[in-house]
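K.L.:
For reference, the sequence and a predicted model appear below.
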Amino acid sequence: MAKFNPSRLKLARTRRGLTMTALAKKAGLSLRMIVDYEKDYCLYEPSEQTIASFVDVLKYPADFFFGEDIESIDPSTVSFRSLKKMTSAQEGAAIGAGQLGLIVSDYFEQYFKLPELNLIDLRGETPESAARALRDYWKLGSKSIFNMVHLLEMNGIKVFSLSENTAEVDAYSFWKAGKAYVFLNNQKTAERSRFDAAHELGHLVLHKHGTPQGKDIEIEANEFASAFLMPKENILAAKMRNPSLDAVLQLRHNWKVSTFALIYRMRQAGALTTWQYNNLVREASARGFRLREDQVMERERSMIIDSLLDALADDGITLPVISRQLNIPVGELSNLLFRFGLIQSI
């Protein structure tokens, strides 16, 4: 008979953004009971009534709490961008999504042979040279990247989506057991999410096996993303002597980036004078491009996950079936698998 697993209670609680005190109050239990139930070696099994309370509050099925140990993720290895601004609840919920991603990744690997990891360690390189080296390694040349999510997946990086409704969790990445993972917040604009994917790729190659937190590290990842998405030689080849904002808008569609990302990159690459840069920034701000773009870009999603789910569905293994097999709510799975807007019930 399966035993109650404290690590699973903790995961469900953190995914719902609850402290132990909050869970105790909502479940009608004492704080001491919750503390005891989350200890590595729980001394006594929760009653059926207590489990029913956990199901009611946390919206996870009862069987979830009796599975195998949940693989942990060391927060120090996760590339959170705004760690100082994040609450402990936000950090715990985001890491919880990563733990669910590990479970789903293992599930897929039971059925399919997925692309092997194809990354190089570029620690010690400048962001510009690292971006160029990785493009060369992947034989991308200087062409625009059609789909960042698919590019990462083709090279063995596990990519999942997030539904964290907070600006503090843009995206994050980490290494685990020799595998690389990236989680992208689907609440962001398509251009921002694409840039986030390149940013996290920068962390994976520049800061392998542990991402020291800090502003300098984030600047490096941003500079890598900018150089990776918009190669310097292409920016300079545009040769706009008197660049207008409308001309910049045309160019941004070539690289599928935001207006401000392109303006910044043009200045960084030496294609704009300080005066030109300031004028473009002022005009772009006046026209509202800090909040929205001139055209809505289609959001990138995982092509591999789509293929895997289609193949499983052919055998009758639909998302609700996977939900029951893993005892993970359908809503959690849909949020992880780029299935936005699907039902959120268990």
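P.N.:
That came in fine, so what should we check first? Residues are numbered from 1 along each chain as shown.

K.L.:
Is the nearest residue to V57 once chain neighbours are set aside inside a helix or a strand, and which specific one?
P.N.:
In space, and not counting its chain neighbours, V57 is closest to K26: 4.5 Å by CB to CB, 6 or more residues apart in numbering. All C-beta atoms are positioned from the backbone trio N, CA, C, and that covers glycine. Assessed by DSSP states H and E, K26 sits inside helix 20-27.

K.L.:
That helix packs against which elements?
P.N.:
helix 31-37, helix 48-58 (3 or more CB pairs under 8 Å, 6 or more residues apart in numbering; DSSP states H and E).

K.L.:
show me where the stretch 1-150 of the chain has helices.
P.N.:
6-15, 20-27, 31-37, 48-58, 88-111, 127-137, 148-154 (DSSP state H, counting those that start in this stretch).

K.L.:
go on, the stretch 151-300 of the chain?
P.N.:
Using DSSP H, counting those that start in this stretch, helices in the stretch 151-300 of the chain cover 190-206, 215-229, 232-237, 245-255, 259-268, 274-286.

K.L.:
Please identify the most buried of the ones you listed.
P.N.:
Greatest average neighbour count among the helices of the stretch 151-300 of the chain goes to helix 190-206 (a mean of 24), per mean count of other CB atoms under 10 Å.

K.L.:
May I have that one exported as PDB, CA atoms only?
P.N.:
Extracted C-alpha coordinates of helix 190-206, given in PDB (Å, rounded to 0.1, in the frame of the first residue of the first chain):
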ATOM      1  CA  ALA A 190       5.200  37.000 -28.000                       C
ATOM      2  CA  GLU A 191       8.300  39.200 -28.600                       C
ATOM      3  CA  ARG A 192       9.200  39.300 -24.900                       C
ATOM      4  CA  SER A 193       8.800  35.500 -24.500                       C
ATOM      5  CA  ARG A 194      11.100  34.900 -27.600                       C
ATOM      6  CA  PHE A 195      13.700  37.200 -26.100                       C
ATOM      7  CA  ASP A 196      13.300  35.400 -22.700                       C
ATOM      8  CA  ALA A 197      14.100  32.100 -24.500                       C
ATOM      9  CA  ALA A 198      17.300  33.500 -25.800                       C
ATOM     10  CA  HIS A 199      18.100  35.100 -22.400                       C
ATOM     11  CA  GLU A 200      17.700  31.700 -20.700                       C
ATOM     12  CA  LEU A 201      19.800  30.100 -23.400                       C
ATOM     13  CA  GLY A 202      22.500  32.600 -22.500                       C
ATOM     14  CA  HIS A 203      22.400  31.500 -18.900                       C
ATOM     15  CA  LEU A 204      22.700  27.800 -19.900                       C
ATOM     16  CA  VAL A 205      25.900  28.400 -21.900                       C
ATOM     17  CA  LEU A 206      27.500  31.200 -20.000                       C
END
